[in-house]
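Chemist: coordinates only, no sequence provided:
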């Protein structure tokens, strides 16, 4: 299996901020998609609750610590988003790091 990291980020957004949140996050996701270590990302909303979102990301980074140092903390396109995200969320985002078991490709 590849030496990559995979994780999800779950968000519960304040109802008045849903559109602003989506616009802000889509800007970050579009920007990060051109990074050298970026592999893939999926952005989902929950069908029964329009304030809940999940992002699933895969990166070619050696660890989550490396991801935070190389991506999250230093990229200029993340700065405004990271500054504004607390006011848009009902609660802290939940980051879940995933461990690979097996992978399939078509």
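Modeler: It's in. Remember, predicted model here, so these are calculated numbers, not experimental data.

Chemist: the longest helix anywhere in the chain: which residues count as buried?
Modeler: Longest helix in the chain by number of residues (criterion: DSSP state H): helix 18-32. For helix 18-32, the neighbour count (16 or more other Cβ atoms under 10 Å) marks 18, 21, 24-25, 28-29, 32 as buried. Just so you know, the C-beta spots here come from the backbone N, C-alpha and C atoms, and that holds for glycine as well.

Chemist: now, which of these sits nearest residue 47?
Modeler: Taking Cβ to Cβ as the measure, residue 47 sits nearest to residue 18 out of these, at 14.5 Å.

Chemist: show me where the chain has its helices.
Modeler: If you assign secondary structure with DSSP H, the helices in the chain sit at 18-32, 64-67, 76-88.

Chemist: let me have those helices in TSV, extended by mean pLDDT and distance to residue 45.
Modeler: What follows is the helices of the chain, written out as TSV (pLDDT from 0 to 100; distance: least, Cβ to Cβ, whole Å):
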stretch	mean pLDDT	distance to residue 45
helix 18-32	97	8
helix 64-67	91	24
helix 76-88	94	15
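
Chemist: columns distance to residue 101 on top of the ones you listed, output as a markdown table?
Modeler: Formatted as a markdown table, the entries for these read as follows, by distance: least, Cβ to Cβ, whole Å:
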| stretch | distance to residue 101 |
| --- | --- |
| helix 18-32 | 26 |
| helix 64-67 | 18 |
| helix 76-88 | 30 |
